[in-house]
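S.K.: need a structure here:
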Amino acid sequence: MKGERRIWPWLLVWGLLDLLCALFCEIHADEAYYRLYGQFLAWGYFDHPPMVGLMTALSSALIPTTSLMLKNLSVRLVTVLMHVGTVYVVWKTINLQSPISNLQSQIATFLLLSASMPMFCAYGFLTTPDAPLLFFAALFYYAYRRYLSQESRVKSQEMVNTLLLGISMAGMLYSKYMAVLVIGFAVLANPRLLRDGKAWLAVGIAALLMLPHLWWQYSHDFPSFTYHLISRAEAYKPLYTWEFVPNQWAVFNPLVWALMIWLGIRSVRAEDVFRRTLSWTILGFQIFFFLMSFRGHVEPHWTVVTSIPAIILLIDAWPEFSVRGRKALTWTLGVFAGLLLIARIVLMLNILPVQTGLAGKQAQCEAIHAQAKGLPVVFDGSFQMPSLYRFFYDDQAVLVRNQYDRYTQYDLLHLERGLIGRPACVHRFGQVYITDHLGEEDLHE
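M.R.: Next up is the predicted model:
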C-alpha cells in the first residue's frame with residue numbers, strides 16, 4: 001500500500017485544481033441544461049440516461065447557492081469528487097499487474113500523462129455525461145483486470161469481481177449509451193467471455209439494475225434511442241471526415257493519440273487478454289467513429305472514454321521504451337500538461353472573447369432579465385438560453401421548439417403549459433414582447 005500513500009497527496013492537488021476550475025470557470029450551456037435534469041429527476045431524459053441529472057441534483061443538495069461561484073459548484077461538486085476517484089481507480093488498475101520498481105518515477109509519468117490530455121482534464125470539472133462515464137469505465141477496467149488475474153480464483157474474490165463488473169457496466173450505461181461499445185469491444189477481444197458463467201452473471205446484474213431506465217424508455221416510446229439512432233443522421237459533408245483526426249488530437253493531444261494508436265496496433269494480438277482488450281477498445285472506438293463521420297458530424301469528445309485504456313496501455317508499455325525515449329516523452333508530456341494548466345487559468349479568469357462560447361453568457365442573460373422585469377420568459381431556438389437563464393436567475397424560463405430545432409428534454413416536460421393565461425416575456429421569431437395573457441398563439445407558429 002506504499003503506492004497509495006504516495007499518490008494521495010498528488011490526488012489532493014489534482015482535486016484542488018479541479019475544484020478551483022469548478023468554482024471560477026463560467027458555466028457551460030450544456031451544464032445548465034443538465035441542471036434542468038436534476039430539477040426534474042427521472043429514470044431517463046430525452047438526450048441521455050439519468051446519471052448526469054442525479055449528479056447535478058446531489059451537487060445542488062450539498063452546496064448552498066449564495067453566490068455565483070457556489071452556484072457553479074452546485075452543478076459541479078460531484079463531478080470533481082468523481083474525477084479524483086477516476087484518477088485513483090486508474091492508478092489502482094495499473095498497479096494490479098506487477099510490483100513497482102521505481103514508484104516515484106511511475107507516479108510522475110502517470111500524472112503527467114493524465115494531465116496532458118485535454119478532454120480527460122476538462123471532465124474533472126465540467127458536468128456532462130462523459131464525467132460519470134469515465135469513472136465507471138475506470139471501475140470496469142479495474143474489475144476486469146482483477147477478474148482476469150489468477151488472484152481472483154479465490155471464490156470470494158470471484159464474486160466481488162463479478163459484482164463490480166455488473167455495477168460498473170450498469171454505471172456506464174446509466175451515464176452514456178456508448179458504454180455498449182466499451183463492453184462490446186471487451187467481448188470481441190476475449191470471445192471466451194461468451195462461455196463464462198460469471199461473465200453472464202455480471203451481465204445479468206447490469207441488466208437488472210438497468211430495468212428502471214428501460215421501463216422509462218418504453219413508457220415514453222423510446223425517445224433517446226430514436227434520437228441517437230435515427231434523428232442525429234445528417235447529410236454527408238467531406239469536412240466531417242477530414243476533421244476527425246485533428247479533433248482527436250484535441251481530445252488526447254497529438255503525441256498521446258499517435259502513441260495509443262501505435263501501441264494499439266502492436267497489441268491487437270497480444271497474448272495478455274487485458275492488454276488486447278485495451279487495444280481493441282482504442283482502435284475500435286477510433287474506427288467506429290471515423291466510419292460514423294460518413295453519417296454526420298462526430299463530436300470530438302465521443303471517444304474520450306478511451307482515455308482510460310490509453311493511460312493504462314501507455315504506462316504498462318512504458319518500460320519498453322529506451323531511456324532516451326522515456327526522457328523525450330516525459331518532457332513533451334510536461335509541455336502539454338503545462339499548456340493545459342495555462343488554459344485552465346485563462347478559463348478561470350473569464351477573459352476569452354464571447355464568440356468562443358466560454359465566457360459572456362451571464363451578460364446575455366442579464367440583458368434578457370432586464371427586459372423580462374421578473375416575468376417568466378418563453379424562448380424559441382435551442383435549449384441553451386432557457387437553461388442558462390434558469391441557472392443565473394432561478395426564474396421560470398421555458399423553451400418552445402420551432403420547426404428548425406431538434407427535440408429536447410423541454411419537449412417532454414411541457415413546462416410552457418403552466419404559463420398559459422399568465423403574464424410572460426416572449427422571445428420568439430426574432431421578436432421580444434410582453435404579454436399580459438400568454439396564449440396558445442404565443443407558443444405556436
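S.K.: Now residue 170: which helix or strand?
M.R.: Element membership for residue 170 (DSSP states H and E) is helix 155-175.
S.K.: Residue 345 now?
M.R.: helix 323-349.
S.K.: Report all helices and strands that that helix contacts.
M.R.: helix 2-24, helix 103-115, helix 118-122, helix 254-266 (3 or more C-beta pairs under 8 Å, 6 or more residues apart in numbering; DSSP states H and E). Where C-beta positions appear, they are placed from N, C-alpha and C, glycine not excepted.
S.K.: circling back to that earlier point, could you look up the next helix or strand downstream of the helix holding residue 170?
M.R.: helix 179-189.
S.K.: which helices and strands sit right next to that next one?
M.R.: helix 130-148, helix 155-175, helix 273-292.
S.K.: looking at these, which is buried most?
M.R.: Of all those, helix 130-148 carries the top mean neighbour count, a mean of 25, counting by mean count of other C-beta atoms under 10 Å.
S.K.: Could you check the angle that one makes with helix 179-189?
M.R.: Angle, helix 130-148 to helix 179-189, by axes from the mean of the first three to the mean of the last three C-alpha atoms, to 10 degrees: 20 degrees.
S.K.: Return the distance of helix 130-148 from the chain's centre.
M.R.: For helix 130-148, the separation from the chain centroid amounts to 14 Å (computed by C-alpha atoms, centre = their mean, to the nearest Å).
S.K.: and what of stretch 343-357?
M.R.: Centroid separation between stretch 343-357 and its chain, computed with C-alpha atoms, centre = their mean, is 21 Å.
S.K.: Let's have the helices and strands packed on helix 323-349 in JSON lines, adding mean neighbour count and distance to residue 424.
M.R.: Formatted as JSON lines, the helices and strands packed on helix 323-349 follow (neighbours: other C-beta atoms under 10 Å; distance: least, C-beta to C-beta, whole Å):
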{"stretch": "helix 2-24", "mean neighbour count": "16", "distance to residue 424": "33"}
{"stretch": "helix 103-115", "mean neighbour count": "18", "distance to residue 424": "47"}
{"stretch": "helix 118-122", "mean neighbour count": "24", "distance to residue 424": "36"}
{"stretch": "helix 254-266", "mean neighbour count": "18", "distance to residue 424": "49"}
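S.K.: Of these, which is nearest residue 78?
M.R.: Between residue 78 and those, the tightest spacing by C-beta to C-beta is seen for helix 2-24, at 10.2 Å.
S.K.: and the helix or strand following the closest one, what other elements does it pack with?
M.R.: Next in sequence after helix 2-24, counting helices and strands by DSSP H and E, comes helix 29-39. Secondary-structure packing of helix 29-39 (3+ C-beta pairs under 8 Å, 6+ apart): helix 51-62, helix 68-94, helix 384-393, helix 409-413.
S.K.: ok so, going back, got the helices and strands packed on helix 323-349 as CSV, with distance to residue 317 columns?
M.R.: Converted to CSV, the helices and strands packed on helix 323-349 look like this (distance: least, C-beta to C-beta, whole Å):
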stretch, distance to residue 317
helix 2-24, 19
helix 103-115, 11
helix 118-122, 18
helix 254-266, 5
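S.K.: Tell me which of those approaches residue 90 most closely.
M.R.: helix 103-115 (7.4 Å).
S.K.: so the closest one versus helix 68-94, what angle?
M.R.: Using the same axes, to 10 degrees: helix 103-115 against helix 68-94 is 130 degrees.
S.K.: Go ahead and measure how far helix 103-115 is from the middle of the chain.
M.R.: 23 Å.
S.K.: ditto for stretch 322-335
M.R.: On C-alpha atoms, centre = their mean, the centre of stretch 322-335 falls 29 Å from the chain's centre.
S.K.: buried ones in it?
M.R.: Buried residues in stretch 322-335, counting neighbours by 16 or more other C-beta atoms under 10 Å, are found at 329-330, 332-333.
S.K.: Just the C-alpha atoms of it, please, in PDB.
M.R.: Written as PDB, here are the backbone C-alpha positions of stretch 322-335 (Å, rounded to 0.1, in the frame of the first residue of the first chain):
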ATOM      1  CA  SER A 322      14.500   3.300 -24.300                       C
ATOM      2  CA  VAL A 323      15.900   5.600 -21.600                       C
ATOM      3  CA  ARG A 324      16.300   8.400 -24.100                       C
ATOM      4  CA  GLY A 325      12.800   7.800 -25.500                       C
ATOM      5  CA  ARG A 326      11.300   8.000 -22.000                       C
ATOM      6  CA  LYS A 327      13.000  11.300 -21.300                       C
ATOM      7  CA  ALA A 328      11.800  12.800 -24.500                       C
ATOM      8  CA  LEU A 329       8.300  11.600 -24.000                       C
ATOM      9  CA  THR A 330       8.300  12.900 -20.400                       C
ATOM     10  CA  TRP A 331       9.500  16.300 -21.500                       C
ATOM     11  CA  THR A 332       6.900  16.500 -24.200                       C
ATOM     12  CA  LEU A 333       4.100  15.400 -21.900                       C
ATOM     13  CA  GLY A 334       5.200  18.000 -19.400                       C
ATOM     14  CA  VAL A 335       4.900  20.700 -22.100                       C
END
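S.K.: Give me the residue at the spatial middle of the chain.
M.R.: The centre of the chain sits closest to residue 130, judged by C-alpha atoms, centre = their mean, with a distance of 1.0 Å.
S.K.: Can you check the distance spanned by stretch 118-134, start to finish?
M.R.: End-to-end distance for stretch 118-134: 14 Å, by C-alpha to C-alpha, to the nearest Å.
S.K.: again, but for stretch 287-302
M.R.: Using C-alpha to C-alpha, the end-to-end distance of stretch 287-302 comes to 12 Å.
S.K.: Please spell out the segments of the protein that come in under the pLDDT threshold.
M.R.: Applying pLDDT under 70 to the chain flags residues 1-4, 97-101, 150-156, 354-357, 445.
S.K.: domain assignment for it?
M.R.: Listed by automatic domain parsing, the domain ranges of the chain are 1-128+335-352, 361-443.
S.K.: Pick the most buried one from these.
M.R.: Mean neighbours per residue, mean count of other C-beta under 10 Å, is largest over those for domain 1-128+335-352, with a mean of 19.
S.K.: gap between that domain and the chain center?
M.R.: 10 Å.
S.K.: and if you look at stretch 281-289?
M.R.: The answer for stretch 281-289 is 17 Å, by C-alpha atoms, centre = their mean.
S.K.: Please apply the same query to stretch 300-310.
M.R.: So, by C-alpha atoms, centre = their mean, the centroid of stretch 300-310 is 9 Å from its chain's centroid.
S.K.: Can you give me the end-to-end span of it?
M.R.: This stretch, stretch 300-310, spans 16 Å end to end (C-alpha to C-alpha).
S.K.: Equivalent analysis for stretch 111-121, please.
M.R.: First-to-last distance for stretch 111-121 - C-alpha to C-alpha - comes to 11 Å.
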